[in-house]
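Asks: Pasting a predicted model and its sequence here:
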Amino acid sequence: MLASMASQQHKETPKESVKETIISVVIAFALAFVFRAFVAEAYVIPTGSMAPTLNGAHVRVRSPATGLDWAVGPIPGAYINNDAQNPVPEQGTFLRRQTERSKAPAEGLIVHDAVTGQRLVDPVGQIRAGDRIFVHKYLYALAEPQPWDVIVFKNPTDPDQNFIKRLIGLPNEEIAIVDGDIFFRPTSASTTSPASGLARWAEQGWHIRRKPARVQRSIWQRVYDSSYAPLPGHQVPGFTSPWVVAQGDIKVQEGGRWFILAGTTPATLEWDHDATFVPPVKGGLFDTGASRIDGTRELNDRYAYNESPDEYAARLRFPVGDLRVRFGLDLAGDPATLRLAPTITTRGHEMRALIENQAVRLQMRTVDPNAPAGEWTDLLPTPAPLPALRKGQLAEVEFWHVDQTLALDINGQRVAAAPYDWSPATRLANATRGDLIDKLAQNAPGNPLRIANLYRRSGARIEIAGTPATLRRVGIDRDLFYTPADYPPYPQGGRVAGKPALATSPASPLALGPDQFFTCGDNSPNSSDGRLWSTVDDWIATEIDPKLGVVDRRLLLGKAFFVYWPAVGSVGKVPVPDAGRMRFIQ
């Protein structure tokens, strides 16, 4: 009897299992549809307007001399049917065919190591798909959008397209883009002011839009890192470290991978603007002429992602003063005797974090090549205590100068921070030479602020004394830099053809209404965003908002929050996700 019952149960079990499996699958699909409809939706990044924060279709490149790998966007013109969202799968093969037709040497995709400048050739240049992201769809029904959010919205110039950009302007604000940074003030101040032109940027009420530290950490862009100096046994012709010994007895080890101060006397590492970076390329499609090649180590807004003939030939780069100097500090003597001063030079000033007597001061002073330097001004009311440093224990030191704020972090913890306040007009006067201000005052055609060589160069140094020490992983990173520009010429530029891009000049002011937002791409020189939208779709203009350059609240689709499937690589012919680059979006 018991055996018969067991046999019967055994026969019925599979039916129950199949039924439960079907129910589970149905519930899973239902939950997935509910999740997609009401919580989050997946999108693919098609282009590089947000690179390197988010990569569109790109080629992944790795340098055998340094171990560095990075993304390079599609070459302009290497698209199927001229569709910018559909690049040729093999970029190098495409270029070889073009050079064969022009009788030039056929080499494939030519790039330069993003740290050493070494010329590399990828004969194939295989395209990878863009990052796949999750977007929180209804967050903004519960909370207001915040500055620096990465948002997805309907393109006001073509609502059939979804765009992804960074939010930099909120409703009821006047926005000014000055020297790469964002300034804002309430529109109530702008509507009551009779001032026009540069005088508006000199008025009271302006504030710089500072980024939260979590956002800033995610968007620093590497300029140089001594960890990626050429590996032993790998020669890079013409390479020299941009960190040079300007004073004292510092030994340079492993071709510039680390630096050793053996004694206690003062010594200085200084950034060398004249160190060779990208050598001129002669011949073929990449012959852009030595005079326009970025061949030195200027601290500017170069994007390794944008490497192409157009990037080298057509665009002068802007000096960037929002920088981070970082290094690993390994003390071989008494930490109490340490004197350390990472310093950034920019906009006619020196900014430094002075570590001395186990305390931290954040200071700035004016500098002029034709006059003695000014006195140091303390930005902190009292020195901040220095966290305990230990002999033989590596400490990660970061000095930030960003968004008109000085900050010092040690081992990832904020030790001290101090803001300073300049108006847009003061910032512009300090960042540029006087002839640019004159051009603005003369109402010159176009946007004189886009003339990059009228801006002052930036520099950096590290002063150290008091104890023997080793500096490792000595690097510089830069902030986002929102470039000024002109609207495209007629007919593409429409009624604003040739005028200064929106918010990038006093001649193109931007005041946002109650439900209007302003967005820009992180890849500023290669982004179609609010600065340069010269049209509004007819339906959008009639039914939603006719104003150029803005995103109406009704066009918002949500906030991007996670890269769940980064660009796919392959093992043989098997696609493999790059799981190491899964990340939350800041």
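Replies: Looks like it came in fine.
Asks: Relative to Gly521, how far out is the most centrally placed residue in the chain?
Replies: Nearest to the geometric centre of the chain sits Leu480, at 4.1 Å (Cα atoms, centre = their mean). Leu480 sits 9 Å away from Gly521, going by Cβ to Cβ, to the nearest Å. (Each C-beta comes from the backbone N, C-alpha and C, glycine too.)
Asks: one step back: does the residue nearest to the centre of the chain touch Ile219 like I think?
Replies: Yes - using Cβ atoms under 8 Å, Leu480 is in contact with Ile219, at 5.8 Å.
Asks: Please enumerate the shared neighbours of the two.
Replies: Jointly contacting Leu480 and Ile219 under the rule Cβ atoms under 8 Å, 6 or more residues apart in numbering are Asp522.
Asks: For Glu173, give me its contacts.
Replies: Contacts here follow Cβ under 8 Å, 6+ apart; on that basis Glu173 touches 184-187, 511-512.
Asks: Which entries within those meet the buried criterion?
Replies: Buried members of these, counted by 16 or more other Cβ atoms under 10 Å: 184-185, 187, 511-512.
Asks: any idea which of these is least confident?
Replies: In terms of pLDDT, the lowest of the buried ones among the contacts of Glu173 is Thr187, showing 91.
Asks: Wait, that one touches Pro514, no?
Replies: No - with contact defined as Cβ under 8 Å, Thr187 does not count as touching Pro514 (9.4 Å).
Asks: tell me, what's touching these two both at once?
Replies: Overlap of the contact sets of Thr187 and Pro514 (by Cβ under 8 Å, 6+ apart) consists of Asn172.
Asks: Would you mind giving the secondary structure of Asp274?
Replies: coil (DSSP: H, G, I helix; E, B strand; the rest coil).
Asks: What sits closest to it if chain neighbours are left out?
Replies: Ranked by Cβ to Cβ, 6 or more residues apart in numbering and with sequence neighbours excluded, the top spatial neighbour of Asp274 is Thr296, at 5.5 Å.
Asks: correct me, but the one you found touches Thr276?
Replies: Yes - proximity of Thr296 to Thr276 meets the contact threshold set by Cβ under 8 Å, at 7.0 Å.
Asks: Touching both of those two, which residues are there?
Replies: Contacts common to Thr296 and Thr276, judged by Cβ under 8 Å, 6+ apart, are absent.
Asks: still on that earlier bit, dump the contacts of Glu173 to CSV, plus secondary structure and distance to Asp545.
Replies: Putting these into CSV (DSSP: H, G, I helix; E, B strand; the rest coil; distance: Cβ to Cβ, whole Å) gives the following:
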residue, secondary structure, distance to Asp545
Phe184, strand, 20
Arg185, strand, 22
Pro186, strand, 20
Thr187, helix, 16
Ala511, strand, 14
Leu512, coil, 11
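Asks: so which of these comes closest to Ala469?
Replies: Closest approach to Ala469 among the contacts of Glu173 (Cβ to Cβ): Phe184, at 42.2 Å.
Asks: just checking, that closest one touches Gly205?
Replies: No - contact between Phe184 and Gly205 fails when scored by Cβ under 8 Å: they sit 9.4 Å apart.
Asks: Setting aside sequence neighbours, what's the nearest residue to Phe399?
Replies: Per Cβ to Cβ, 6+ apart, closest to Phe399 is Pro342, 3.9 Å.
Asks: Pull up the pairing partners for the helix or strand hosting that neighbour, direction included.
Replies: If you go by DSSP states H and E, Pro342 is part of strand 339-346. According to DSSP bridges, strand 339-346 forms sheet pairs with strand 349-356 (antiparallel), strand 459-465 (antiparallel).
Asks: Which neighbouring elements make contact with the next helix or strand along the chain from the longest one?
Replies: I take that to be strand 349-356. Downstream of strand 349-356, the next assigned helix or strand under DSSP H and E is strand 359-366. Judged by 3 or more Cβ pairs under 8 Å, 6 or more residues apart in numbering; DSSP states H and E, the packing partners of strand 359-366 are strand 349-356, strand 377-378, strand 384-385, strand 405-410, strand 413-419.
Asks: What is the subsequent helix or strand relative to the longest strand belonging to the chain?
Replies: Scanning the chain for the longest strand, with DSSP state E as the assignment, gives strand 158-169. Next along the chain after strand 158-169, taking DSSP H and E as the criterion, comes strand 173-178.
Asks: Check which strands are paired with that following strand and give the direction for each one.
Replies: Counting by DSSP bridges, the strands paired with strand 173-178 are strand 181-186 (antiparallel), strand 510-511 (antiparallel).
Asks: Adding distance to Ala42, write those out as CSV.
Replies: Listed next are the strands paired with strand 173-178 as CSV, based on distance: least, Cβ to Cβ, whole Å:
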stretch, distance to Ala42
strand 181-186, 30
strand 510-511, 32
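Asks: Nice, that's everything, thank you.
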